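Chemist: Here you go, sequence then predicted model.
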Amino acid sequence: MLPLHTSMRGLRCFCVAAECLSFKETAKKLYLTPSAVSHQIKQLEETLNQSLFIRQTRSIALTEVGARFYQAIEPVMQQLVNTVSEFNQSDRMLEVSISMPEFFASELFMPKLIGWSSKYPNINLKLETIKSRSDVIKHTDVSIMLSGKQQPNDNVYDLFPITYIPACNPHLHSELYSQGFKALTKVPLILHKARPYAWHQWAENVGFEQFKPKQIIQLDSMFSVARAAEQGLGVALIPLPISQAWFDNNTLIPLFSHPLYSHDRYYLTRHTNEQQRPEVQLLIDWILKSFHDESH
């Protein structure tokens, strides 16, 4: 058993130095001076009455005893860090940052935050919304993105797929409903500019061979697409299930029941692998559980 006066700082300095084999780099990582690091390790060697490092002109190396001591003490130091962190987290506020498209945030994520806040009152969320694909995406712990390509990665989670349905506001619906597919040749058609051929794909899928749109309006966000349809600008391809609330309150009404199936899916990605931040995994687990039913 080590004497009680053995310095914890000395043990920490030793573990870091054993990993990077440089007192200078150890000093940088621990915000100490190289001479302070050297002094701490010298004191530890005197306590153990053993040489832990072979000191050379421009480098250091572990002695046989030093290597064995590192293998024995490193797991103990790691467990100590974990224990202190675990007890410390109960009294301090934590923070997790997450980015996602603005439409996803307003339609799905924000309404569910009440559940998060009540379950994890000591974990603050920092939400960055992405208004369009041209936005510069800030680095966050977690992100949610829409993609048409499968994301094969251990840090990527599949949330749910998206389908698109032709819809408009109630007033326009009453004017167009009885006209069938021909109604689409008489009013502007609205879609997201990232999917410029979506209306043509929809028409081909339903067998509408006479599809000659009067006008196609491309907008740079799904929120703009839904708002344009709500205001009566035309008929829009609206994504489901993410826009379900617009249909539930009759702000928008499906003009046709034929959906456009796509490869688009929402994915959640973890960008940090820090094992000492369990709050990040808590958010991921909460999102996966909360949005599991969105795919049904």
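Modeler: All right, it came through fine.
Chemist: Can you tell me what sits against stretch 35-50?
Modeler: 2-3, 5-7, 9-11, 13-14, 17, 23, 26-27, 30, 32, 51-53, 63, 65-66, 69 (Cβ atoms under 8 Å, 6 or more residues apart in numbering). Bear in mind the C-beta positions are built from the backbone N, C-alpha and C, glycine included.
Chemist: Please pick the buried ones from those residues.
Modeler: Buried members of these, scored by 16 or more other Cβ atoms under 10 Å, are 10-11, 13-14, 17, 23, 26-27, 30, 32, 52-53, 66, 69.
Chemist: got CSV for those, with pLDDT too?
Modeler: Output for the buried ones among the contacts of stretch 35-50, formatted as CSV (pLDDT from 0 to 100):
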residue, pLDDT
Gly10, 92
Leu11, 94
Cys13, 94
Phe14, 95
Ala17, 95
Phe23, 93
Thr26, 94
Ala27, 92
Leu30, 90
Leu32, 90
Leu52, 96
Phe53, 96
Gly66, 95
Phe69, 96
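Chemist: out of those residues, which one sits closest to Ala203?
Modeler: Taking Cβ to Cβ as the measure, Ala203 lies nearest Leu30 of those, at 64.9 Å.
Chemist: if we can go back for a sec, tell me which of the contacts of stretch 35-50 fall in strands.
Modeler: Counting by DSSP state E, the contacts of stretch 35-50 place Phe53 in strands.
Chemist: And Glu64, how far from Gly180?
Modeler: 85 Å (Cβ to Cβ, to the nearest Å).
Chemist: Using PDB, write out the CA atom coordinates for the strand or helix carrying Arg227.
Modeler: Assigned by DSSP states H and E, Arg227 falls within helix 222-230. Once non-C-alpha atoms are left out, helix 222-230 reads as follows in PDB (Å, rounded to 0.1, in the frame of the first residue of the first chain):
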ATOM      1  CA  MET A 222     -39.400  22.500 -45.500                       C
ATOM      2  CA  PHE A 223     -40.900  25.200 -43.100                       C
ATOM      3  CA  SER A 224     -41.100  27.600 -46.100                       C
ATOM      4  CA  VAL A 225     -42.800  24.800 -48.200                       C
ATOM      5  CA  ALA A 226     -45.400  24.100 -45.500                       C
ATOM      6  CA  ARG A 227     -46.000  27.800 -44.900                       C
ATOM      7  CA  ALA A 228     -46.500  28.500 -48.600                       C
ATOM      8  CA  ALA A 229     -49.100  25.800 -48.900                       C
ATOM      9  CA  GLU A 230     -50.800  27.000 -45.700                       C
END
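Chemist: what's that helix packed up against?
Modeler: helix 102-104, strand 188-192, strand 215-219, strand 235-240 (3 or more Cβ pairs under 8 Å, 6 or more residues apart in numbering; DSSP states H and E).
Chemist: Quick check on Tyr267: phi, psi?
Modeler: Torsion angles at Tyr267 (phi, psi; degrees, to the nearest 10) stand at phi -120, psi 140.
Chemist: Could you count how many residues lie near it?
Modeler: 18 (other Cβ atoms under 10 Å).
Chemist: try Pro196
Modeler: There are 11 residues near Pro196, going by other Cβ under 10 Å.
Chemist: give the contact list for it.
Modeler: Ile216, Gln218.
Chemist: May I have the residues that are in contact with the nearest residue to Gln231 once chain neighbours are set aside?
Modeler: Spatial nearest neighbour of Gln231, excluding adjacent residues (Cβ to Cβ, 6 or more residues apart in numbering): Asn169 at 7.1 Å. In this structure, Asn169 makes contact with Ala229, Glu230, Gln231, Gly232, Thr251, Leu252, Ile253, judged by Cβ under 8 Å, 6+ apart.
Chemist: re the thing from before, quick one: contacts of the helix holding Arg227?
Modeler: 101-103, 106, 131, 167-169, 190-192, 217, 219, 234-239, 242-243, 246, 251-252.
Chemist: most packed of the helices and strands packed on helix 222-230?
Modeler: Compared across those, strand 235-240 shows the largest average neighbour count, a mean of 25 (mean count of other Cβ atoms under 10 Å).
Chemist: Would you mind identifying the next helix or strand past that one?
Modeler: helix 244-248.
Chemist: Show me the helices in the stretch 51-200 of the chain, by range?
Modeler: Per DSSP state H, counting those that start in this stretch, the stretch 51-200 of the chain carries helices over the ranges 64-89, 102-104, 113-119, 170-176, 198-206.
Chemist: looking at these, which is buried most?
Modeler: helix 102-104 (a mean of 20).
Chemist: helices and strands around it, which ones?
Modeler: Against helix 102-104 (3+ Cβ pairs under 8 Å, 6+ apart) you get helix 222-230.
Chemist: one step back: and which of the buried ones among the contacts of stretch 35-50 is nearest Leu125?
Modeler: Leu30 (31.0 Å).
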